[in-house]
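**Student:** sequence first, then the predicted structure, then my questions.
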Amino acid sequence: MAKLTIDDLKRIKEQTIKSTALRQGDARVKVTVHMGTCGIASGARDVMNVLMQEMAEADRQDIRVVTAGCMGMCSSEPNVTVEVLDSEPIVYQHMDANRMRQVFRRHALLGEVQTDFALGKM
């Protein structure tokens, strides 16, 4: 294995800070992908993959992405909850790649609740 340079270490540090900022720290928006067994079976992994792609493209440090277990509403999976600072959390149902892109771009980035597939407020 080649020796690491100072530049290599700096790059690793920046990548680590960026990836842990998604789970910790101050955030204006928190997006939770519910990934219980029923959610995963319904496509929550694909939803999470698209969300991570959107996060990488947006390069925002004020949005936190987390996972959670089942909400107990298996018939509406995959579910995603979006919490914007000083607003009520919104649960979205029957999420897929296209819906996740729309929710991220319109709700997480612009604050526009997507009522067409919102399950309700928490």
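**Tutor:** Yes, it's here. Numbers count the residues shown, from 1 in each chain.

**Student:** quick check: which ranges of the chain have low pLDDT?
**Tutor:** Along the chain, the parts satisfying pLDDT under 70 run over 1, 17-26, 120-122.

**Student:** give me that answer again for 50
**Tutor:** 22 (pLDDT under 50).

**Student:** which parts of it are helices?
**Tutor:** 6-21, 37-42, 44-58, 97-102 (DSSP state H).

**Student:** pull out the buried positions in the last one.
**Tutor:** Just to be clear, that refers to helix 97-102. Arg99, Met100, Gln102 (16 or more other C-beta atoms under 10 Å). C-beta here means a position set from N, CA and C on the backbone, and glycine is covered the same way.

**Student:** could you dump the helices of the chain to CSV with distance to Ala108?
**Tutor:** Shown next, in CSV, are the helices of the chain (distance: least, C-beta to C-beta, whole Å):
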stretch, distance to Ala108
helix 6-21, 15
helix 37-42, 19
helix 44-58, 8
helix 97-102, 10
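
**Student:** and the ones you listed: which comes nearest Glu77?
**Tutor:** helix 37-42 (4.0 Å; C-beta to C-beta).

**Student:** distance between that closest one and the chain's centre?
**Tutor:** Relative to its chain's centre, helix 37-42 lies at 16 Å (C-alpha atoms, centre = their mean, to the nearest Å).

**Student:** if we can go back for a sec, what is the nearest of the buried residues of helix 97-102 to Phe117?
**Tutor:** Nearest to Phe117 out of the buried residues of helix 97-102 is Arg99 (C-beta to C-beta; 5.9 Å).

**Student:** skipping adjacent residues, who's closest to the closest one in space?
**Tutor:** Distance criterion C-beta to C-beta, 6 or more residues apart in numbering; nearest residue to Arg99, sequence neighbours excluded, is Phe117 at 5.9 Å.

**Student:** mind listing what that neighbour touches?
**Tutor:** Tyr92, Gln93, His94, Met95, Arg99 (C-beta atoms under 8 Å, 6 or more residues apart in numbering).
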